[in-house]
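> sequence plus the predicted model coming up.
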Amino acid sequence: MRMNSLACRALLAATGLAWGAHAAAGVVTYQSQAAFVTATSGLGAAQLSNFDAAGLLGNAYTNSAGSPSFSLSADSAGPATPYVKGGFWTTSGSQYLGLNNGDGAFLGGDSLTFNLTGSVRAFGLYVITGADVIAGDIGLTMGSTQMSNGASADRSDGAGSYAYFFGLISDTDLGSVTMKFGDGSFFMTATVDDVSLYGPGQTGTIPEPSSLALLGLGLLALCATARRPHGKPVQEAKV
């Protein structure tokens, strides 16, 4: 079956879009856990840390769920280290990640870094805080990628606590991820819960540039054939 000119243009345009998507592929950010979960459906099995075992973790803590994994390092104005406890509303169970300070939480100006180990292609978590937080108060940094909370939280307890979701998906391994809880110019308390990590994709992988190039060459050849004048069929000479 020969392709008409319109079909050729459509296919070549689609190939160009696919190439552009790959060229522009890097890190995609999410502020909705539902959208993040849908987008990670083709990735490896998740490693979830919901911090439902209380205790002092410290800056040397490494989750033991397997690979991929993470270790923690906190930067606080006071002598505080990562600590798991309960008392505030959280997104799963009754425990969450905070600091071993008087509030049991991260305060304005504190930061928390997740040092990712193994091959991590997707990272997500909830930051839970109060009604005094506005858009842009909480920030995430991963290399050159930066994102901050929006004006609306992903979840709420309906009584003044709000959970903001931060998610990253990359076509290459992620490095360390740092959460910044305010700039220290105002008072806030924040906790963390439901940290999820995903390994490389098992399905739905983006074609490599070489594959797209071969596809484009094949389509060009087909389109060249389609544009060639058909002419009249050659008749056999009558004897």
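Structure's in. What do you need?
> from now on I want contacts and neighbour counts done on CA atoms only, so please keep to that.
Will do.
> burial measure for Tyr126, as a count.
The tally of other residues near Tyr126 (other CA atoms under 10 Å) stands at 26.
> now do the contacts for it.
By CA atoms under 8 Å, 6 or more residues apart in numbering, Tyr126 lies in contact with 91, 163-166, 192-195.
> same thing with Leu107?
76, 181-182, 184, 187-190.
> looking at the residues you listed, which is nearest Ile134?
Gly182 (10.0 Å; CA to CA).
> I'd say that closest one and Val127 touch.
No - between Gly182 and Val127 there is no contact under CA atoms under 8 Å: 11.9 Å.
> so this structure: which segments form each domain?
Domain segmentation of the chain under automatic domain parsing yields 1-25+206-229, 27-198.
> output the ones you listed as TSV; include the columns mean pLDDT.
Below are those laid out as TSV (pLDDT from 0 to 100):
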stretch	mean pLDDT
domain 1-25+206-229	41
domain 27-198	89
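> returning to that earlier point: of the contacts of Tyr126, which belong to helices?
Of the contacts of Tyr126, none are assigned to helices by DSSP state H.
> go through the residues you listed and flag which are in strands.
Those of the contacts of Tyr126 mapping onto strands are 163-166, 192-195, per DSSP state E.
> if we can go back for a sec, which of the domains of the chain sits most buried?
Highest mean neighbour count among the domains of the chain (mean count of other CA atoms under 10 Å): domain 27-198, with a mean of 18.
> give me the distance between the two termini of it.
Length of domain 27-198, first residue to last, CA to CA, to the nearest Å: 14 Å.
> what's the answer for stretch 108-124, then?
In stretch 108-124, first residue to last residue: 21 Å (CA to CA).
> again, but for stretch 179-198
19 Å.
> likewise for stretch 156-174?
End-to-end for stretch 156-174, by CA to CA: 29 Å.
> residues in contact with it?
Outside stretch 156-174, the residues that reach it (CA under 8 Å, 6+ apart) are 25-33, 36, 40, 89-91, 116, 119-131, 140, 142, 149-150, 152-155.
> with adjacent residues omitted, what lies nearest to Gln33?
Using CA to CA, 6 or more residues apart in numbering and skipping the chain neighbours, the partner closest in space to Gln33 is Phe165 (6.2 Å).
> what's the distance between the one you found and Ala74?
Distance from Phe165 to Ala74, by CA to CA: 20 Å.
> just send the ones in strands among the contacts of Tyr126 back as a markdown table, with distance to Ala46 too.
Output for the ones in strands among the contacts of Tyr126, formatted as a markdown table (distance: CA to CA, whole Å):
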| residue | distance to Ala46 |
| --- | --- |
| Ala163 | 21 |
| Tyr164 | 20 |
| Phe165 | 17 |
| Phe166 | 16 |
| Val192 | 18 |
| Asp193 | 15 |
| Asp194 | 11 |
| Val195 | 10 |
